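[1] Any chance you could fold what I've pasted below:
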Amino acid sequence: MSNRPVRSAGVICLLVLFAIVACGPGLTADEQQYVRAHDEPGVAGFVKKLFSRYFFASSLSSRPDRVFQGHTSIVWTVDFAPDGKTLASGGADKDIIVWNAETGVPVHTLRAHSETVMRVAFSPDGRILASGAQDRLIHLWDTASGTLIGTLAGHDGWVVSLAFSPDGKRLASASNDRRIILWDMAQRRIEKVLEGHGDVVDAVSFSPDGKRLASGGDDNAVIVWDVQKGEPLMTLQGHTSFLKAVSYAPDGRTIASAGLDQKIILWDAATGRRIRTLAGQDSMIFCIGWTRDGSRLASGGNSILIWDAAGGEILRSIRSFYGFVNGVSFSPDGRHLATAQYDKTVLLFDRVP
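    Prediction:
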């Protein structure tokens, strides 16, 4: 009996697994094409990727302290609550899970979206959790009861990023419809629509005083907006591929941006001058997050790097054998780091430098 069918089936399975590992549903068609173009080709590339992601992280320094399991598909987003007692995650299973951060036990499982949940964000007072999804909707949840208390509709594409203003009066949302919407949270209506990006808008972040908003997208640009006027103040150019993350430092003096070109650029928030480029991530970067005191910055791709923000040195490197890291969030005290993982888990690291 020939074993040719068996071999053929094995090859097909490997090809399917490669496709799944390489490109997830959270990437647009253009982004998936870029990822494929920059992968090492052939069987050698696949084996290298598989081993680097899943087996080279056996050292103690790369092991998570806690693994939260409850999602049934890719986890795309994670956010710590302002009090540090709970964290929320969302993913391709369309669910949002609010977890007890200490025990990993789900507090609420929130279901209302009809497509992949791309982003969750707590309001500054922790009373509201906002979620954005591929169904083009933003849902607002009461965090105490887990009740759906509002829905915002206005985008014509996936809602891929959310950010509350520091006073909680506004919510910014970004979409692959190339627009940013500023929402009046008291009236639950559109306040302004910001248009200026030439492609998908992947990330938004308010300045600590709430007067400015930074955004980044697939046009490789960071745009800094005047929130009151709804007008761009400056455009920052330096990335060579799609931007996936933008974040103001807590002191408001620096903007960090990162994306598929494997670089983090730190910008002077007042002038737009490039301060420093952080290079060391050996993969595309999907997410970044600051500690509350602004001393450290975490980035995620096929590994997690924790950076000294002032000096630019890598303080800790955590190889991810749980697949791509899609989201990172520091606890308010900066002692813990939560990550959203491609393999359906949320990880918590306690040994954070």
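[2] Look up how far Gly334 lies from the residue lying closest to Pro353 once chain neighbours are set aside.
    Once flanking residues are discounted, Pro353 sits nearest to Leu315: 4.2 Å by CB to CB, 6 or more residues apart in numbering. C-betas here are computed from N, CA, C, even on glycine. Separation of Leu315 from Gly334 (CB to CB, to the nearest Å) stands at 12 Å.
[3] any shared contact partners between the two?
    Common neighbours of Leu315 and Gly334 are listed as Arg296 (criterion: CB atoms under 8 Å, 6 or more residues apart in numbering).
[4] sorry, back to before: give me the neighbour count for the residue nearest to Pro353.
    Counted by other CB atoms under 10 Å, the residues lying close to Leu315 total 16.
[5] Now do the buried residues in whichever strand or helix holds it.
    Per DSSP states H and E: Leu315 is located in strand 314-319. By neighbour count on 16 or more other CB atoms under 10 Å, the buried set for strand 314-319 is 315-316, 318-319.
[6] CA atoms only: put it into PDB for me.
    The C-alpha trace of strand 314-319 is given here as PDB (Å, rounded to 0.1, in the frame of the first residue of the first chain):
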ATOM      1  CA  ILE A 314      16.300  46.200  26.600                       C
ATOM      2  CA  LEU A 315      15.600  45.200  30.200                       C
ATOM      3  CA  ARG A 316      14.000  41.900  29.500                       C
ATOM      4  CA  SER A 317      13.300  39.700  26.500                       C
ATOM      5  CA  ILE A 318      10.600  37.100  26.600                       C
ATOM      6  CA  ARG A 319      10.400  34.700  23.700                       C
END
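[7] just checking, what packs against that strand?
    Using 3 or more CB pairs under 8 Å, 6 or more residues apart in numbering; DSSP states H and E, the elements in contact with strand 314-319 are strand 303-308.
[8] who touches the strand it packs on?
    So strand 303-308 is contacted by 264, 278, 280-283, 295-299, 313-320, 325, 328, 337, 339, 349, 352-353 (CB under 8 Å, 6+ apart).
[9] filter those residues to the buried ones?
    Applying 16+ other CB under 10 Å to these flags 264, 278, 281, 283, 295-299, 315-316, 318-320, 325, 328, 337, 339, 349, 352 as buried.
[10] wouldn't Gln237 be in contact with Ile223 here?
    No - assessed by CB atoms under 8 Å, Gln237 is found out of contact with Ile223, at 10.3 Å.
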